[in-house]
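>>> One predicted model, sequence on top.
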Amino acid sequence: MSQKGGHQARKRFGQNFLHDPGVIERIVRAINPKPEDAIVEIGPGLGALTEEILAINPRLQVVELDRDLIPVLRTKFFNYPEFRIHEADALKFDFSQLVEDRPLRIIGNLPYNISTPLIFHLLGQAGVVQDMHFMLQKEVVQRLAAVPGDNNYGRLGIMAQYFCKVQPLFEVGPGAFKPAPKVDSAIVRLVPHETLPHPARDLSTLQAVVRTAFSARRKTLRKALGGMISAGQLQSLGIDDGLRPENLSLADYVHIADFLVDQKSGTGDEVSND
């Protein structure tokens, strides 16, 4: 599948169009779309993956920012009357408005330059999502799946794993795209937890703790979180204040955040889990 319609990939949109039929087939197998699924594709580009999904699920919806691609997609898929294009910025798009009778299955070859903020945006809407399959820079997938002690472990992985089970699937070389990116890519599956394994009493407090910790990831927790919690308080929670932020588990961060909520409210166990 080559570039059609004379469209040139735009650097400002981070466009690298997938064209390798073997890779596309492997992605479709991983997604395993069903005709009744509510599938939404982010950044369909020239429609290489779109074409394969539509053949199985003619009600596919796509979100595309590049207005020059809209007529290309409309022309290419004119014989699918239920195919819907939303001309919008996925970073600002409310995916919950697409929910009807079933949760969404979100897919996409995400632009490298917005992949991290877009994932955070989508995690905030995980309640309406069945699963997500994304092509990302390999390094981003490694960060999503990282465990404590790993150099790639940080805010992205912790918050992704708070909401979802993260499953790296397979890697994709630069040659599968036009133009070829300078990095390797990988496919990842994110499946929102039916029940959060470590629910925080207040999500914004957890996010603040994790953000603060990893803004000083080379420092000890005593210093990195010094403005939020004392060394003595960390020790009272059974957490070694001499560790670095990358050494703590998701459960540890939730423990810290819940302690701060309790301190602020003064109600201890009466704080809601909502």
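Okay, I see it. If you're wondering where the values come from, they're calculated on a predicted model, not measured in any experiment.
>>> ok, now which ones touch residue 228?
Neighbouring residues of residue 228 by Cβ atoms under 8 Å, 6 or more residues apart in numbering: 208-209, 212, 260. Any C-beta I mention is one placed from the backbone N, CA and C, and that applies to glycine too.
>>> Contacts for the helix or strand encompassing residue 190 next, please.
If you go by DSSP states H and E, residue 190 is part of strand 185-192. Here strand 185-192 makes contact (Cβ under 8 Å, 6+ apart) with 26-27, 30, 126-127, 129-138, 141-142, 144-145, 160, 163-174, 176-177.
>>> Now intersect these with the helices, please.
Under the assignment DSSP state H, those contribute 26-27, 30, 138, 141-142, 144-145, 160, 163 to helices.
>>> Please spell out the PyMOL selection for the buried subset of the residues you listed.
Typed into PyMOL, the line below selects the buried ones among the ones in helices among the contacts of strand 185-192, using 16 or more other Cβ atoms under 10 Å:
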select buried, resi 26+27+138+141+142+144+145+160+163
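>>> Next, name the residue at the spatial heart of the chain.
Central residue of the chain (Cα atoms, centre = their mean): residue 119, 2.9 Å from the mean position.
>>> Export only the CA atoms of whichever strand or helix holds it, formatted as CSV.
Per DSSP H and E, residue 119 falls inside helix 115-123. Only the C-alpha atoms of helix 115-123 are listed here, as CSV (Å, rounded to 0.1, in the frame of the first residue of the first chain):
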residue,chain,number,x,y,z
SER,A,115,2.0,10.2,21.9
THR,A,116,2.6,10.7,25.7
PRO,A,117,0.1,13.6,26.2
LEU,A,118,-2.4,11.7,24.1
ILE,A,119,-2.1,8.5,26.2
PHE,A,120,-2.6,10.6,29.4
HIS,A,121,-5.7,12.1,27.7
LEU,A,122,-7.0,8.7,26.9
LEU,A,123,-6.3,7.2,30.3
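>>> Go through it and flag the buried ones.
115-116, 118-119, 121-123.
>>> How about stretch 70-83?
72-73, 76-77, 80, 83.
>>> now, the most widely separated pair of these?
72 and 80 (14.3 Å; Cβ to Cβ).
>>> Make a PyMOL selection of whichever of the contacts of residue 228 turn out to be buried.
Restricted to buried positions by 16+ other Cβ under 10 Å, the PyMOL selection for those reads:
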select buried, resi 209+212+260
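>>> Which ones among the buried residues of stretch 70-83 map onto helices?
72-73, 76.
>>> Including pLDDT and distance to residue 231, could those go into CSV?
CSV is the format used below for those (pLDDT from 0 to 100; distance: Cβ to Cβ, whole Å):
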residue, pLDDT, distance to residue 231
72, 92, 59
73, 94, 56
76, 94, 61
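>>> now the helices: where do they sit in the stretch 151-274 of the chain?
Taking DSSP state H, counting those that start in this stretch, the helices of the stretch 151-274 of the chain run over residues 155-163, 203-214, 221-224, 231-236, 250-265.
>>> Quickly compare those and say which is most buried.
Greatest average neighbour count among those goes to helix 155-163 (a mean of 22), per mean count of other Cβ atoms under 10 Å.
>>> Just want the angle from that helix to helix 115-123.
Angle of helix 155-163 versus helix 115-123, following axes from the mean of the first three to the mean of the last three Cα atoms, to 10 degrees, is 20 degrees.
>>> Show me what helix 155-163 is in contact with.
116, 119-120, 123, 126, 140, 143-147, 166, 190, 192-193, 196, 198, 200, 206-207, 210-211, 214, 250, 253-254.
>>> Stretch 240-258 spans what distance, first to last residue?
One end of stretch 240-258 to the other measures 17 Å (Cα to Cα, to the nearest Å).
>>> Over to stretch 194-208?
24 Å.
>>> Let me see the mean pLDDT of it.
Mean pLDDT, stretch 194-208: 96.
>>> okay if I get the buried residues of helix 115-123 as JSON lines plus distance to residue 97 and pLDDT?
JSON lines is the format used below for the buried residues of helix 115-123 (distance: Cβ to Cβ, whole Å; pLDDT from 0 to 100):
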{"residue": "115", "distance to residue 97": "22", "pLDDT": "90"}
{"residue": "116", "distance to residue 97": "23", "pLDDT": "92"}
{"residue": "118", "distance to residue 97": "17", "pLDDT": "95"}
{"residue": "119", "distance to residue 97": "19", "pLDDT": "95"}
{"residue": "121", "distance to residue 97": "14", "pLDDT": "95"}
{"residue": "122", "distance to residue 97": "14", "pLDDT": "95"}
{"residue": "123", "distance to residue 97": "17", "pLDDT": "94"}
